[in-house]
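Visitor: dropping a prediction and its sequence here:
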Amino acid sequence: MEPNDLTPAEERVWRAFPRGQSVDFRTAADEDATAGAGWGPERTIRASVLKALLLNAPQEAGEVAALRLAGARITGMLSLIYATVDHAVRLSNCYFHEALDLYSSRLRQLNLRGSVFPALTLGSSRVDAPLRLTGCRARGLVKLGGTQISGAVFLDQAEITAPDAAVPALQLNQSSIGHDFWAPGLRVHGETRLTGATVAGKINLENAEFLNPGGTALSAEALDANADVHARGLRARGRVELRGARIAGRLDLSGSHLSNPGSTALRASSSDIGELWLHGSDPIEGILNLRRSRIEVLGFEPEVLPGEVRLNDLSYTTLTPHRPAYQRLLMLEHDTDGYVPYAYEQLTAAYRRIGDDRAARHVQLTKQLRHRATLAWYGRAWGRLQEVTVGYGFRPLRAAGWLLSLLAVGTVTYALHRPRPLKAEAPQFHPVFYTLDLLLPVISFGQESAFAPEGWYQGLSYILIITGWVLATTVVAGVSRTISRQ
C-alpha cells in the first residue's frame with residue numbers, strides 16, 4: 001500500500017507509526033466508543049491499512065515503531081492470522097465494524113482498552129506482554145482459548161455478550177497467564193470458560209457478573225491458580241463449576257450471590273483449595289457440591305448454605321466462624337448423600353482442634369442418632385435404650401443420674417426387706433453399702449458376699465449388677481476423657 005492511497009486520517013496514522021507516536025481522534029477524554037458507528041471519515045481507518053502498517057511498514061533508524069491509535073472508527077476485518085507482529089499494538093477507545101481475527105498470531109503487546117467490537121479471536125496465540133481489554137464491549141464471542149500470555153490479562157469493567165447461549169461468550173480454556181488475571185467488574189452474558197487454564201498470579205473477579213440462567217455461568221474445571229482468587233461480591237446466575245480446581249491460596253466468595261435454582265449453584269468437587277470463604281454471602285440458591293475436596297479453611301455462616309448440599313469425603317482442617325454444634329449440624333442433615341459417617345468425624349475433629357469438646361460430643365451423639373435410623377428395628381430399639389440411659393456414652397452425667405436413682409431404689413428396697421446373712425459372723429447389714437456393692441463393679445464393701453436376697457429381690461440384685469457395670473463404665477469413660485483433655 002502506497003501513502004498516496006491513504007485518506008488524511010490514515011496518512012496521519014501512517015506517519016506516526018514509525019516513531020511510535022500516538023494518534024488520538026477523540027473529542028473528549030471520556031468519549032464513549034459505543035457511538036463510533038456514527039463517526040465520520042475524518043476519524044475512519046481501514047483495517048487493511050492497519051494490517052499493512054503492522055506487517056510491512058518501513059522502519060526509521062533510532063526509533064521504535066508502534067501502533068498507538070485512539071478514538072478511531074475501523075472498517076473491514078482486521079485479520080492477522082498466523083502473523084508475527086513485532087510492534088506494540090494499542091487500539092484504545094476504537095469502534096470496530098467487523099471482528100478482529102488474530103488466531104495463532106504472535107504479538108509483542110495488545111491493548112484494546114475501551115474499544116467496541118463484534119468479536120475477538122486470539123486463540124492459540126502468544127502475547128509477550130500484558131493483554132489489556134479493560135472496559136471493552138464485545139457484541140460477540142471473545143476467544144482466548146489456548147493463548148500464552150507472558151504478562152497479566154486485564155478484563156476489568158469489560159462487557160461481553162454471546163449471541164448464542166450454546167457457545168461460551170468468553171473462552172480462556174487451556175490458556176496460560178504468566179501473571180494476574182484482573183477482571184473486577186467484568187460482566188458476561190453467556191458462559192465464561194476457564195477450563196484447564198493456568199494463572200501464575202492472582203485472579204480478581206470482585207463484583208463480576210456471570211449471567212447464563214439455566215446453564216453454566218462460569219466453568220473453571222481443573223483451573224490451576226497459584227495464588228488467591230478474589231471474588232467478593234460476585235454474582236452468578238447459572239452454575240459455577242470448579243470441579244478439579246487447584247487454588248493454592250484463598251477462594252474468597254464473600255458477599256457473593258450464587259443462583260441456579262433446581263440445579264447445582266456451586267460445584268467445587270475433587271478440588272484442592274487453601275481456603276474457601278463465603279462470609280456474608282446471600283443464601284445459595286441451588287445445590288452446593290464439595291464432594292471429595294480438600295480445603296484447609298472452610299469459612300461460612302450456616303445461613304449461607306442451601307437446602308441441599310453434597311459433602312461426601314470432604315476434608316477440611318478449620319471451620320470458621322465458630323458456631324454452636326447444632327447450627328453446623330444442619331449442613332450434614334441437608335446432605336443429599338444421606339448419612340455419611342465421615343462428615344461427622346470431620347466436624348468432630350474441627351471442634352476438637354479448637355478445644356470445644358462439648359460441641360464435639362454433641363456431634364458424635366448426633367452421629368449415633370442418625371446411624372440408628374439406618375438400622376433394623378431391633379438395632380433401633382437397642383440404640384434408643386442407649387440414648388435414654390447413657391446418651392451413647394457421651395452423656396456421663398446422665399449415667400451418674402441413673403446410678404444415683406438405682407442406688408436410692410436399692411437402698412429403700414433392701415432396707416425394707418433385709419437379705420438373710422450367709423454366715424453367723426456376718427457384718428452389720430447396711431442397705432446403702434450393700435446396693436453400692438451391687439452397682440460398682442470394682443469397689444467392695446464386703447456386703448454383697450455376706451448377704452443373699454431371695455425371690456424377686458435376688459432378681460433385682462442381678463439387674464443392679466448388670467446396669468451398674470454399664471453405667472459405671474460410662475461415668476469412668478467420661479471422667480477419663482475430661483482428665484486426658486486437661
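Guide: Yes, it's here. Numbering: from 1, shown residues only.
Visitor: which stretches of this structure form helices?
Guide: Taking DSSP state H to define them, one finds helices in the chain at 8-16, 47-56, 325-333, 341-353, 357-372, 377-390, 396-416, 431-439, 456-485.
Visitor: which one of the ones you listed lies closest to residue 450?
Guide: Nearest to residue 450 among the helices of the chain is helix 431-439 (8.7 Å), distances taken as C-beta to C-beta. Heads up, the C-betas are built off the backbone N, CA and C, glycines and all.
Visitor: could you export the closest one as PDB, CA atoms only?
Guide: What follows is helix 431-439, C-alpha atoms only, in PDB (Å, rounded to 0.1, in the frame of the first residue of the first chain):
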ATOM      1  CA  PRO A 431     -28.600 -51.100 102.700                       C
ATOM      2  CA  VAL A 432     -26.600 -48.200 101.100                       C
ATOM      3  CA  PHE A 433     -23.300 -50.000 101.000                       C
ATOM      4  CA  TYR A 434     -25.000 -53.300 100.000                       C
ATOM      5  CA  THR A 435     -26.500 -51.500  97.000                       C
ATOM      6  CA  LEU A 436     -23.200 -49.900  96.200                       C
ATOM      7  CA  ASP A 437     -21.600 -53.300  96.300                       C
ATOM      8  CA  LEU A 438     -24.000 -54.500  93.600                       C
ATOM      9  CA  LEU A 439     -23.700 -51.400  91.400                       C
END
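Visitor: point me to the residue sitting farthest from the middle of this structure.
Guide: residue 424 (78.1 Å; C-alpha atoms, centre = their mean).
Visitor: that residue and residue 453, how far apart?
Guide: 18 Å (C-beta to C-beta, to the nearest Å).
Visitor: then residue 251?
Guide: Counting by C-beta to C-beta, the gap between residue 251 and residue 453 amounts to 69 Å.
Visitor: please apply the same query to residue 283.
Guide: Note on residue 283: its distance to residue 453, by C-beta to C-beta, is 63 Å.
Visitor: among those two, which residue is more densely surrounded?
Guide: residue 453 (19 against 13; other C-beta atoms under 10 Å).
Visitor: contacting residues for that one?
Guide: 414, 417, 419, 420, 460, 461 (C-beta atoms under 8 Å, 6 or more residues apart in numbering).
Visitor: who wins on neighbours among those?
Guide: Neighbour-wise, the contacts of residue 453 (other C-beta under 10 Å) top out at residue 414, 24 neighbours.
Visitor: hmm, residue 67 and residue 91 touching each other?
Guide: Yes: with contacts counted by C-beta atoms under 8 Å, residue 91 reaches residue 67, the gap being 7.2 Å.
Visitor: which residues do these two both contact?
Guide: Common neighbours of residue 91 and residue 67 (C-beta under 8 Å, 6+ apart) are residue 50.
Visitor: how much space separates the nearest residue in space to residue 317 that is not next to it in sequence from residue 315?
Guide: Once flanking residues are discounted, residue 317 sits nearest to residue 296: 4.9 Å by C-beta to C-beta, 6 or more residues apart in numbering. Distance of residue 296 to residue 315, computed by C-beta to C-beta: 9 Å.
Visitor: returning to what we had before: and the contacts of residue 453, which two are the farthest apart?
Guide: 420 and 460 (15.1 Å).
Visitor: isn't the residue nearest to residue 317 up against residue 320?
Guide: No: using C-beta under 8 Å, residue 296 makes no contact with residue 320, being 11.0 Å away.
Visitor: if we can go back for a sec, out of the contacts of residue 453, which is nearest to residue 120?
Guide: Nearest to residue 120 among those, counting by C-beta to C-beta, is residue 460 at 88.6 Å.
Visitor: follow-up on the earlier one: tell me the one among the contacts of residue 453 nearest to residue 362.
Guide: Nearest member of these to residue 362, counting by C-beta to C-beta, is residue 460, at 34.6 Å.
Visitor: tell me how many other residues crowd the closest residue to residue 291 other than its chain neighbours.
Guide: Distances taken as C-beta to C-beta, 6+ apart place residue 269 nearest to residue 291, at 4.3 Å, with adjacent residues excluded. Using other C-beta under 10 Å, residue 269 is surrounded by 22 other residues.
Visitor: now do the contacts for residue 130.
Guide: Residues counted as contacts of residue 130 (C-beta under 8 Å, 6+ apart) are 109, 149, 151, 152, 153, 154, 179.
Visitor: which stretches of this structure have low pLDDT?
Guide: Scanning the chain for pLDDT under 70 picks out 1-4, 378-399, 471-486.
Visitor: can you tell me the centre-most residue of it?
Guide: Central residue check for the chain by C-alpha atoms, centre = their mean: the C-alpha nearest the mean position is that of residue 276, 4.8 Å away.
Visitor: wait, that residue sits on residue 288?
Guide: No: the criterion here is C-beta under 8 Å, and residue 276 misses it with residue 288 at 10.6 Å.
Visitor: could you check how far residue 339 is from residue 369?
Guide: Residue 339 sits 10 Å away from residue 369, going by C-beta to C-beta.
Visitor: swap in residue 273?
Guide: 31 Å.
Visitor: these two: which is more packed in?
Guide: residue 273 (24 against 13).
Visitor: residues contacting the more buried one?
Guide: Applying C-beta under 8 Å, 6+ apart, we find residue 273 in contact with 245, 246, 247, 251, 293, 294, 295, 296.
Visitor: and it, how close does it get to residue 431?
Guide: Applying C-beta to C-beta, the value for residue 273 to residue 431 is 64 Å.
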